[in-house]
Each structure stands twice: as structure tokens, then as C-alpha cells.
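Everything below, folded, please.
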Amino acid sequence: MDAINEWLLTWGDALWTWVVLPVVILLGLYFTLRSGVVQFRLIPEMFRTLTDKTPRDAGGRPQSVSAFQAFTISAASRVGVGNIAGVGTAIAIGGPGAVFWMWLMAFIGGSSSFIESSLAQLFKIRDKDGFRGGPAYYMQRGLKARWMGVLFAVILIVCFPIAFSSLQANTIQATLAGSFGEDSAGWLPWGVGIGLAVLMALVIFGGVRRIASVTQLLVPAMALLYLIVGIVILVIHADRIPAAFASIFTEAFGFNEVVGASLGYIILTGVKRGMFSNEAGLGSAPNAGATAAVTHPVKQGLVQTLGVYFDTFLVCSITAFIILVSVPDLSEAGRGIGLTQGAMTSTLGEWSNVLLSVIIFLLAFSSILGNYYYGESNIEFITPRPAVLTAYRLLAVVAVFVGSVISADVVWNFADGAMGLMALVNLIAIALLSGIAFRLLKDYTAQRRAGRNPIFTRALMPDVDGIAVWEDELSVTGPVDLPTRDHEAQKHRDHLHRATADRDADPFG
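Next comes the predicted model:
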């Protein structure tokens, strides 16, 4: 087992260092420049579109989940053990400087997140619950490469609902073991595994709407609870905040004498743990983004970019400062959840172990639900057979149970490698399709400048094949200021044709 673990670690580091990392950075910079820094320029729009009304069908029913519910499904997957255990591991390995690279890559990756989620909305399809889509769908419908979509779907299923959910369950178990003590080590993993499996089954067999309903409650609750804990710890150690903040920048560009991390390893650690946490460009969040009923694909691109910021700049940063102000000397620090747990108990006392256990449960369980949905969407892409979906659901439940009772080292390293392959396939696809996303962005900004609530119909991009929805009669049923009369819709079509005709002359919209 040790040999397998070492091989996975070596193979994963090589893949990230020489292939994934350069592609992530170069494409992120290209998308940033080509879009006119959309991830910064349209931050106000991100908050506005988050609360958009859900378009309704001819019967007055919501077409699918709302923009906010899609945000919480993706946030449920993003905000998990990566934000607590992952940040602790990054700091232990790469020092405080790794946090800087997590921040920087979240900003650069915000543009990749915008592109992938806008494309997922454009190429989504209808199902019994509303809509579904994601990278596998835009690979098939946009690139006409079903083989690529199937490859991506298989990697995602192995990576998220199997490997990552196992890690989430393992972290819940490890946190509870730390809270209850070693005497519980024998029965606790089995109890946690059975309990999580039952809870998960109760939710996932109810479909995407039940998942959305649960995550809509869990995500805000867990974020608020963790934010309050972080603020309390920062207030107690207020005098250490300036030094902690300075260390993030001073140790981001050179050798760290405490942890012995070189610049290259600091960057690699920050990028890997950052992508594991916020999933920007990874191809996972678009599966949630595609479920939303919105009036323009760009709206969900903006909402999912906000999700990257919510994950990294808020939740990950809280963890980083909890550690850095509570454990200023990292020379004897552990890794992962143990480092974060030790930082909290050193400040708040042993009782905070119970509090952290509650927070970890909310974070990890909601992440398990988000991971599950990503897998379900991709199972349905590969085959629509109900028996296969049922088998997948049972496998996902078993993975959570097994993750609670086994060691996570091999799974962590395997998941890192799978995550790298998944990101690589997705980034190649969105690079090839990015021109369509830039056209969508140009139309969206033009409509907003005209004082309109942007809408999109597939008739406005007749040269783009593979758009399955976005019919006029369904797209215009929504907020009251949308153009619903025929002559107004025609004016909108004329406007879009003019906008797309000169898109190359003004790429920054």
C-alpha cells in the first residue's frame, strides 16, 4: 500500500507541475484579458443575478431550480473539507505563502469559472427535474465530441461522488474521533459510516429538487456559523492579525525556513489545494450551474464566479487566519484537520472540538450531496437507464460508508491525480468553445447598458449548433420587464445580430 501511495503521489505531482499548472495559469490569464477582466468588472452583477426571479413555464411553474439554489448546490460541493483540512494541509506544507497563491488563482480562475458555467447554461438540456448539463454536454453538443464527454463523465464520477465524498466522510469521522477521544475509535467509524449513508440515501433518492432544498438551508447556515467562529478567534488574537497577514505575502515568493518549502512547491501547493476547494475551471460547478432556470446563460456564469470568491476569499481565508493567529509557530504543526482543530482548541478550549464537529458535518455532508449530484448528471449523460442510476446511487452511498472506516492517504493522492486529469480535459474544451462565451458576454453587457434585463433565445445564434433549449416562448416568461410582444422580441434579435457582427472589433464589451 505504501508503494502505491508513493507512486500516486509522484505521478500526481508530475502531472500538476508540468501539465495542469501551466494550462490553468495560461488559460486563466487569456480568459481574463479576453473578457475584459469579467471576474472583477461585473462583481455587482454577480450579486444582482443571484436573486433573479426564476422563469416559469406556460403553466406558471418554475422551469427548474432557481439561480440561488444552483449557487448553493455548487457551493455545497465547493465548501467542504478542502476549506478546513485542505487549507490546513496547504499551510503545513507550503507555509503562509500558499494562501497568497490560493487567493491569486481564485481570482484568475474566476474567469475560467465564468466561461465554463456560461457554456453549461447554453448547451443544457431538459429532463424530468428541469434542466441538466455540464462539461460532458457542451463537449458533445458544442464540440461534437461525445467521446470526450464520456471520458470527462467517467473521470468526474470516479473523482467526486466516489473519491471526494469518501474523503468528506473520513474527515467527519476523524473530527468526531478527536472530539470523543481514542476510546471511541473502535465503534465510531462504523457508526458514522452507517449514519451518513442513511442520511445521504434519504436525500439523494428524492432527486435534484430535494438536494437543492437541503443545500439551500445547509450552505448559508454552515457559512454563518463558521464565520462567527472565525471572527471570535480573530478578535481574541487581534494583535496577531497584522503579522499573519504580512506572512502570507512575505513568504509567497521565497524559501520558507519553517516548513522548508521552495517557491515552486509553495505555488503548486496553493494552486492544487485552491482548485480542490473552489473548483474554478475544474468542470464540476457547471453541472450545478446548468440546472438553473435563468433568462441568459451569462447570469449563471456570473453566479458561479461569485461561488469561487465565496469559497476562497471568505471560507478558506477564515480557516487560514484561524490557523495563523492561533499557531504562529508552524515548525511543530500537524497537517489537515488536525492543524485546524488544534488552532481552534488552543484559543477556545476543548469544548470547541464539539463545535468544530458540527461545522465539519455541515460542510462535509452538504459537499457529499453536491458531489453526488454531479455524478448523477454525468451518469444520465452516459446512459439514461433507470437501473444504472439506481446502481450509481447505491455505489455513492457505499463510498460514503467505506470512506468513514478506511485510511484516506491513498484516496487523497488518487483524487489529486484524477482532479488534474479532469481539469485538463475541461480546460481544453472551454478553450475551444470560449469564443461563443465571449459572444454571450458581449450581448449581456450590451443589454445591461441599454437598461434591460438580458434575455437570450437560440434564434439569436443560428450559427451555433447543439443548443437544445432557449426557445422564444419559454425564455421570455419571467421578470415583467422582459420583452414579451413579438415586435419587442424582434428588436432584441436585431440588436443581438448587430452586437455579434462587431464582436471582434471590441472584444472587451
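
Could I get the full set of strands for this protein?
Under the criterion DSSP state E, the chain contains strands at 125-127, 130-132.

Would you mind checking the average pLDDT for the last one?
The one in question is strand 130-132. Per-residue pLDDT values over strand 130-132 give a mean of 85.

Could you do stretch 303-322 as well?
89.

Can you give me the end-to-end span of it?
This stretch, stretch 303-322, spans 28 Å end to end (C-alpha to C-alpha, to the nearest Å).

Please point out which parts of it sit buried.
Using 16 or more other C-beta atoms under 10 Å as the burial criterion, the residues of stretch 303-322 that qualify are 303-312, 315-322. For every residue, glycine as well, the C-beta is placed using N, CA and C.

likewise stretch 436-453?
436-448, 453.

pLDDT for those - can I get that in CSV?
Formatted as CSV, the entries for those read as follows, by pLDDT from 0 to 100:
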residue, pLDDT
Ile436, 96
Ala437, 97
Phe438, 97
Arg439, 96
Leu440, 96
Leu441, 97
Lys442, 95
Asp443, 94
Tyr444, 95
Thr445, 95
Ala446, 94
Gln447, 93
Arg448, 93
Asn453, 90
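
What is the nearest of those residues to Ala177?
Ala437 (45.4 Å; C-beta to C-beta).

Okay, buried residues for stretch 14-25 please.
Applying a neighbour-count criterion of 16+ other C-beta under 10 Å, the buried positions in stretch 14-25 are Leu15, Trp16, Thr17, Val20, Leu21, Val23, Val24, Ile25.

Same check on stretch 148-158?
When neighbours are counted by 16+ other C-beta under 10 Å, the buried residues of stretch 148-158 are found to be Met148, Gly149, Val150, Leu151, Phe152, Ala153, Ile155, Leu156, Ile157, Val158.

just to revisit the earlier point, in helices only, show me the buried residues of stretch 303-322.
Among the buried residues of stretch 303-322, the members falling in helices (DSSP state H) are 303-309, 317-322.

got CSV for those, with distance to Val411 too?
Conversion of these to CSV gives the following (distance: C-beta to C-beta, whole Å):
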residue, distance to Val411
Val303, 31
Gln304, 27
Thr305, 29
Leu306, 30
Gly307, 25
Val308, 25
Tyr309, 28
Ser317, 27
Ile318, 26
Thr319, 21
Ala320, 24
Phe321, 28
Ile322, 25
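
now the stretch 251-400 of the chain, which segments are flagged as low pLDDT?
254-266, 272-273, 276, 330-337 (pLDDT under 70).

What is the burial count for Val354?
Using other C-beta atoms under 10 Å, Val354 has 13 neighbouring residues.

distance of it from Ser404?
19 Å (C-beta to C-beta, to the nearest Å).

quick check: mean pLDDT across stretch 422-435?
In this model, stretch 422-435 has an average pLDDT of 95.

That one: how far from the chain's middle?
When C-alpha coordinates are averaged (C-alpha atoms, centre = their mean, to the nearest Å), stretch 422-435 and its chain have centres 16 Å apart.

ok, back up a step: return the most buried member of the strands of the chain.
Each of the strands of the chain was assessed for mean neighbour count using mean count of other C-beta atoms under 10 Å. The highest is strand 130-132, with a mean of 23.

Sheet partners, orientation included, of that strand?
The strands that strand 130-132 pairs with in its sheet are strand 125-127 (antiparallel) (by DSSP bridges).

closest to Phe123 among the buried residues of stretch 148-158?
If you rank the buried residues of stretch 148-158 by distance to Phe123 using C-beta to C-beta, Gly149 comes first, at 10.4 Å.

surely that closest one meets Gly142?
No - because the distance of 9.8 Å does not satisfy C-beta atoms under 8 Å, Gly149 is recorded as not touching Gly142.

Spit out the contact partners of Ala153.
Contact criterion C-beta atoms under 8 Å, 6 or more residues apart in numbering gives Ala136, Asn378, Ile379, Phe381, Ile382 as the residues in contact with Ala153.

In those residues, which residue is surrounded by the most others?
Ala136 (31 neighbours).

Could you check how far that residue is from Ser284?
Applying C-beta to C-beta, the value for Ala136 to Ser284 is 11 Å.

Name the residues contacting each of these two.
Among the neighbours of Ala136, those also in contact with Ser284 (C-beta under 8 Å, 6+ apart) are Leu156.

Let me know the pLDDT of the nearest residue to Asp416 once chain neighbours are set aside.
In space, and not counting its chain neighbours, Asp416 is closest to Gly12: 4.5 Å by C-beta to C-beta, 6 or more residues apart in numbering. The pLDDT attached to Gly12 in the predicted structure is 76.

Compute the number of surrounding residues for Gly12.
For Gly12, which is what you asked about, the neighbour count (other C-beta under 10 Å) is 22.

what's the spacing between it and Gly420?
On the measure of C-beta to C-beta, Gly12 and Gly420 end up 6 Å apart.

With Ile157 instead?
Going from Ile157 to Gly420 by C-beta to C-beta gives 16 Å.

Which residue is the nearest non-sequential neighbour of Gly403?
The shortest distance from Gly403 to any residue other than its chain neighbours is 2.9 Å, reached at Ser166 (C-beta to C-beta, 6+ apart).

so who does that neighbour touch?
With contact taken as C-beta under 8 Å, 6+ apart, Ser166 is in contact with Ala399, Val400, Val402, Gly403, Ile406, Ala408, Val411.

List the contacts of the third one.
If a contact means C-beta under 8 Å, 6+ apart, then Val402 has Ser166, Gly193 as its contacts.

ok, longest helix in the chain?
Criterion DSSP H: the longest helix present in the chain is helix 409-449.

Run the chain-centre distance for that helix.
Using C-alpha atoms, centre = their mean, the distance from the centre of helix 409-449 to the centre of the chain it belongs to is 11 Å.

And for the residue found closest to Asn5 once you drop the neighbours it is linked to in the chain, the neighbour number?
Excluding the flanking residues, the one nearest Asn5 by C-beta to C-beta, 6+ apart is Val410, at 5.0 Å. Neighbour count of Val410, defined by other C-beta under 10 Å: 16.

pLDDT score assigned to Val410?
With respect to pLDDT, Val410 has a value of 72.

how close does it sit to Tyr372?
Using C-beta to C-beta, which is the criterion applied here, Val410 is 22 Å from Tyr372.

show me where the stretch 251-400 of the chain has helices.
Under the criterion DSSP state H, counting those that start in this stretch, the stretch 251-400 of the chain carries helices at the ranges 263-278, 285-289, 297-309, 317-326, 337-348, 352-382, 386-405.

I meant the stretch 1-150 of the chain, not that one.
2-15, 21-34, 38-41, 43-50, 67-78, 81, 87-94, 97-122, 135-141, 146-157.

This completes my enquiry, with thanks.
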